[in-house]
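1. coordinates only, no sequence provided:
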């Protein structure tokens, strides 16, 4: 049951925050690459910082075990990112 | 409270903080780092299994991204509903073939042009995310919060190609 409800609820918060940040809009995404609107970076970095503090606080107090961290695979990460950026700046998703 | 929920746009810091809480809950309760691009691959795998099983019988779909209604697919359904409710509540919701004012100003009102770029861009994004092992959510934020090198290499690549792409598309209007 919680295998369905939990991702639905988490997804709801995820989609809600994206929409409220305006990241469903083409110009918000593309303008971060034109340096005219840095909302994408502000949003991403705030999420990253908040999650970092919360996750490591919980793990320090032994309340959670950390999940596996994405593997470093320099060529794959870099080439994938390079391809990804073309699509993101072009389509504005 | 209600006025906040009905606002069309939040400060990106507030919205980002909410996303941060979603990540904490997801990691604490489910032990999963949420990501958005995986769902497309699970669904693509299911379609491939149904239409052309030969396409689905490779290492990628067998081991890396198994087809099926995964946790990420359900998360994705939640993302859709969350964004829809948010947009409806604030009155920001509308259906349009070429929705963005900035796009229309720079590239005109042509529907096929916008849809072609959106479709091609979508393929490129998903392809890149597949190679990199995640997207802006699952890899850049989800890996970045552990200070994973992969996340920062990915972000460097994303901006390294995103900026020239924007320059090329906007050219003199950049």
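-> Yep, that arrived. Remember, it's a predicted structure, so these values are computed and weren't measured experimentally.

2. and the end-to-end length of stretch B:139-158?
-> Start-to-end span of stretch B:139-158 (C-alpha to C-alpha, to the nearest Å) is 12 Å.

3. excluding its backbone neighbours, what's nearest the spatially most central residue of chain B?
-> Nearest to the geometric centre of chain B sits residue B:36, at 5.3 Å (C-alpha atoms, centre = their mean). The spatially closest residue to residue B:36, leaving aside those adjacent along the chain, is residue B:137, at 4.7 Å (C-beta to C-beta, 6 or more residues apart in numbering or on different chains). The way it works is simple: take the backbone N, C-alpha and C, and place the C-beta from them, glycine included.

4. give me the neighbour count for the one you found.
-> By the criterion of other C-beta atoms under 10 Å in any protein chain shown, residue B:137 has 24 neighbours.

5. what about residue B:101, how many residues nearby?
-> Residues lying near residue B:101 (other C-beta under 10 Å) number 11.

6. what's the closest non-adjacent residue to it?
-> residue A:27 (7.3 Å).

7. in contact with the one you found, which residues?
-> Taking C-beta atoms under 8 Å, 6 or more residues apart in numbering or on different chains as the criterion, residue A:27 is in contact with A:37, A:92, B:100, B:101, B:102, B:103.

8. narrow those residues to those in helices?
-> B:101, B:102, B:103 (DSSP state H).

9. in a markdown table, list these along with pLDDT.
-> Shown next, in a markdown table, are the ones in helices among the contacts of residue A:27 (pLDDT from 0 to 100):
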| residue | pLDDT |
| --- | --- |
| B:101 | 93 |
| B:102 | 95 |
| B:103 | 95 |
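
10. and the residue nearest to residue B:101, what are its phi and psi?
-> Per-residue torsions, residue A:27: phi -70, psi -30 (degrees, to the nearest 10).
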